[in-house]
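Novice: Only the shape, not the letters, is given here:
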């Protein structure tokens with residue numbers, strides 16, 4: 001299909017048609033007609049972009065053809081240039097009356113012809129663009145997801161968009177000129193709505209951005225709408241009607257109610273969590289402390305070997321219980337925090353100090369600690385960062401076999417330090433690596449050792465630092481490398 005604009009030449013003289021065609025054929029698609037009747041047929045079929053129309057023709061003259069195209073065909077704007085040897089003022093006036101857009105004296109001058117065609121086609125393009133924009137606007141109003149209606153001074157519905165009619169369940173033609181208050185507004189709200197719209201009809205808006213009231217669908221079910229109103233004025237500036245646009249918020253309001261109920265349930269849940277945390281800290285920790293004291297007393301009573309074994313098992317189980325209670329309380333406290341204060345911290349010092357605290361455990365399992373951070377590593381961190389390293393080193397010792405090695409490194413990775421703790425334990429399957437830091441995802445991970453609270457604490461502290469933490473396989477054989485990052489402090 002040609003992308004050229006289409007020009008219709010209407011002239012009964014072949015020499016004129018040939019001349020004009022030679023001028024235009026390189027730039028435009030040219031079609032021709034030798035009579036007015038033929039021209040009208042072509043116009044309906046081809047809808048040309050512009051018409052060059054001779055005035056004097058046998059049968060139907062150019063004036064009649066122009067009048068029919070402009071006034072009877074009701075086509076979109078098609079520019080018409082009348083070609084005439086007539087020069088009188090009356091002839092021009094008649095051409096204007098029938099809708100001609102411009103005139104050109106025969107024989108046509110090529111430069112002037114090109115100038116007039118270019119000018120009129122540019123106007124047509126602008127006209128077509130405006131029509132397209134208008135049609136898009138109408139289409140938008142028809143299918144936009146809100147009800148748009150116009151009410152006259154007596155509250156009769158004089159326009160409603162297609163979407164609005166669909167929402168109400170009616171055919172548009174069946175509800176035009178029906179009273180809005182009588183047909184669509186529930187009787188209990190009619191007075192309220194009228195009190196809202198009466199001042200608007202007088203040009204006195206109440207200043208509210210929107211208001212809400214329900215309307216009745218064809219099935220007489222109420223739907224709650226949020227309404228935005230404005231006035232439409234006539235040519236004298238007087239209020240002629242009001243434009244109302246309504247958004248159906250029925251489901252949204254139901255969701256808001258559910259959300260409020262959920263928020264109340266969540267608050268209750270948080271209250272229960274706080275209560276449970278207090279129970280952990282006090283009501284459970286105190287009995288665990290008493291058990292610890294009683295086992296120490298029993299150890300002083302010269303127990304038998306069997307009794308020592310039982311007491312030792314009680315001590316170990318109770319220590320695990322105390323550790324679990326303290327970790328759970330700590331995690332609950334961290335979960336309630338939204339931000340931390342960061343200070344300049346020497347990571348190297350923290351790593352060395354924390355490692356010294358585990359010297360006894362390392363010695364008992366004959367684990368060698370290979371630690372490279374002998375220098376200073378200034379970082380921005382909260383003092384709780386010591387708990388991260390403590391948890392990771394404790395786990396590395398706990399799950400490492402005897403006579404193995406744990407390696408601690410600090411790497412410079414641009415504007416951050418990366419701390420790594422590598423062990424030679426059993427390692428963690430790849431499919432479980434993403435779950436090791438999530439206490440809730442680990443409830444049914446039988447392949448992962450431990451209760452998971454320690455690593456959940458690590459993850460929460462790193463989240464509050466807005467930093468990363470992770471685990472990968474140890475490339476030096478078995479085991480895992482747990483790592484975390486911290487922002488460098490300015491030197």
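Specialist: Received the coordinates, thanks. These figures come from a predicted structure and were not determined experimentally.

Novice: only C-alpha atoms for contact and neighbour calcs from this point on.
Specialist: Will do.

Novice: which stretches of the stretch 1-150 of the chain form helices?
Specialist: For the stretch 1-150 of the chain, the helices defined by DSSP state H, counting those that start in this stretch occupy 14-24, 36-46, 62-67, 89-98, 110-143.

Novice: what is the orientation angle of the last one with helix 14-24?
Specialist: Comparing the axes of helix 110-143 and helix 14-24 via axes from the mean of the first three to the mean of the last three CA atoms, to 10 degrees yields an angle of 70 degrees.

Novice: could you say what helices and strands helix 110-143 packs with?
Specialist: If you count contacts as 3 or more CA pairs under 8 Å, 6 or more residues apart in numbering; DSSP states H and E, helix 110-143 packs onto strand 50-54, helix 162-168.

Novice: so which helix or strand takes in residue 375?
Specialist: Assigning secondary structure by DSSP states H and E places residue 375 outside every helix and strand.

Novice: Surely residue 49 is in contact with residue 121?
Specialist: Yes. In this structure, residue 49 is within contact of residue 121 by CA atoms under 8 Å, at 7.2 Å.

Novice: Mind listing the shared neighbours of these two?
Specialist: Overlap of the contact sets of residue 49 and residue 121 (by CA atoms under 8 Å, 6 or more residues apart in numbering) consists of residue 79.

Novice: okay, these two: which has more neighbours?
Specialist: Comparing residue 49 with residue 121 by neighbour count (other CA atoms under 10 Å), the higher total belongs to residue 49, at 22 against 16.

Novice: three-state assignment of the residue located most distally from the centre of the chain?
Specialist: The C-alpha centroid of the chain is most remote from residue 302, which lies 72.0 Å away (CA atoms, centre = their mean). Three-state secondary structure (criterion: DSSP: H, G, I helix; E, B strand; the rest coil) places residue 302 in coil.

Novice: Could I get the pLDDT score of it?
Specialist: pLDDT, residue 302: 83.

Novice: repeat for residue 166
Specialist: Model confidence at residue 166, expressed as pLDDT, equals 88.

Novice: Nearest to residue 108, out of the helices and strands packed on helix 110-143?
Specialist: For these, distance to residue 108 was read as CA to CA. The smallest value, 10.7 Å, belongs to strand 50-54.

Novice: Neighbouring strands - and their directions - for that closest one?
Specialist: Within its sheet, strand 50-54 is paired with strand 6-10 (parallel), strand 80-84 (parallel), according to DSSP bridges.

Novice: Please state the offset of stretch 306-313 from the chain centre?
Specialist: Stretch 306-313 sits 63 Å away from the centroid of its parent chain (CA atoms, centre = their mean, to the nearest Å).

Novice: for it, which positions count as buried?
Specialist: Under the neighbour-count criterion of 16 or more other CA atoms under 10 Å, stretch 306-313 has residue 311 buried.

Novice: Likewise for stretch 146-165?
Specialist: So for stretch 146-165, counting by 16+ other CA under 10 Å, buried means 146-152, 155-165.

Novice: For residue 214, see how far away the closest residue to residue 477 other than its chain neighbours is.
Specialist: Of all residues beyond its chain neighbours, the one nearest residue 477 is residue 424 (7.3 Å), with distances taken as CA to CA, 6 or more residues apart in numbering. With distances defined as CA to CA, to the nearest Å, the gap from residue 424 to residue 214 amounts to 69 Å.

Novice: Comparing those two, which residue is more hemmed in?
Specialist: Just comparing residue 424 and residue 214: by other CA under 10 Å the higher neighbour count belongs to residue 424, 24 against 20.

Novice: tell me the contacts of the more buried one?
Specialist: For residue 424, the contacting residues are 400-401, 404-406, 474, 477-480, by CA under 8 Å, 6+ apart.

Novice: Give me the below-cutoff pLDDT ranges for this structure.
Specialist: Along the chain, segments meeting pLDDT under 70 span 1-2, 74-76, 86-88, 134-145, 266-286, 288, 322-332, 334-336, 439-452, 491.

Novice: got the buried residues for the strand ranked longest in the chain?
Specialist: Secondary structure assigned by DSSP state E gives strand 222-233 as the longest strand of the chain. Applying a neighbour-count criterion of 16+ other CA under 10 Å, one finds 222-232 buried in strand 222-233.

Novice: Any idea which of the helices of the stretch 1-150 of the chain gets closest to residue 486?
Specialist: Put simply, out of the helices of the stretch 1-150 of the chain the one that sits nearest residue 486 is helix 110-143, at 52.5 Å, with distance taken as CA to CA.

Novice: can you give me the offset of the closest one from its chain's centre?
Specialist: Between the centre of helix 110-143 and the centre of its chain there are 35 Å (CA atoms, centre = their mean).

Novice: among the contacts of residue 424, which two are most distant?
Specialist: Longest span within the contacts of residue 424, CA to CA: 401 and 474, 14.7 Å.

Novice: Residue 96 and residue 81, how far apart?
Specialist: Distance from residue 96 to residue 81, by CA to CA: 11 Å.

Novice: Sorry, slip of the keys, the one I care about is residue 295.
Specialist: Taking CA to CA, one finds residue 295 at 113 Å from residue 81.

Novice: repeat for residue 64
Specialist: Residue 64 is 14 Å from residue 81, where distance means CA to CA.

Novice: Kindly report the domain assignment for this structure.
Specialist: Per automatic domain parsing, the structural domains of the chain span 6-141, 147-248, 254-336, 343-487.

Novice: measure the second one end to end?
Specialist: One end of domain 147-248 sits 8 Å from the other (CA to CA).

Novice: ok, residue 9 touching residue 51?
Specialist: Yes. Contact criterion CA under 8 Å: residue 9 and residue 51 qualify, at 6.0 Å.

Novice: Out of the helices of the stretch 1-150 of the chain, which one sits most buried?
Specialist: helix 62-67 (a mean of 22; mean count of other CA atoms under 10 Å).

Novice: Quick check: residue 245 is in a strand.
Specialist: Yes. With three-state DSSP as the criterion, residue 245 is part of a strand.

Novice: ok, now which ones touch the closest residue to it other than its chain neighbours?
Specialist: Spatially, and ignoring its direct neighbours in sequence, residue 245 is nearest to residue 148 (4.4 Å; CA to CA, 6+ apart). With contact taken as CA under 8 Å, 6+ apart, residue 148 is in contact with 141, 160-161, 164, 243-246.

Novice: same thing but at 10 Å, please
Specialist: For residue 148, the set of contacting residues under the criterion of CA atoms under 10 Å, 6 or more residues apart in numbering consists of 141-142, 159-165, 227-229, 243-247.

Novice: rewinding a little: how about the helices of the stretch 1-150 of the chain in a markdown table, adding distance to residue 338?
Specialist: Putting these into a markdown table (distance: least, CA to CA, whole Å) gives the following:
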| stretch | distance to residue 338 |
| --- | --- |
| helix 14-24 | 75 |
| helix 36-46 | 70 |
| helix 62-67 | 77 |
| helix 89-98 | 77 |
| helix 110-143 | 44 |
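
Novice: which residues do residue 96 and residue 81 both contact?
Specialist: Between them, residue 96 and residue 81 share the contacting residues 66, 102-103, judged by CA under 10 Å, 6+ apart.
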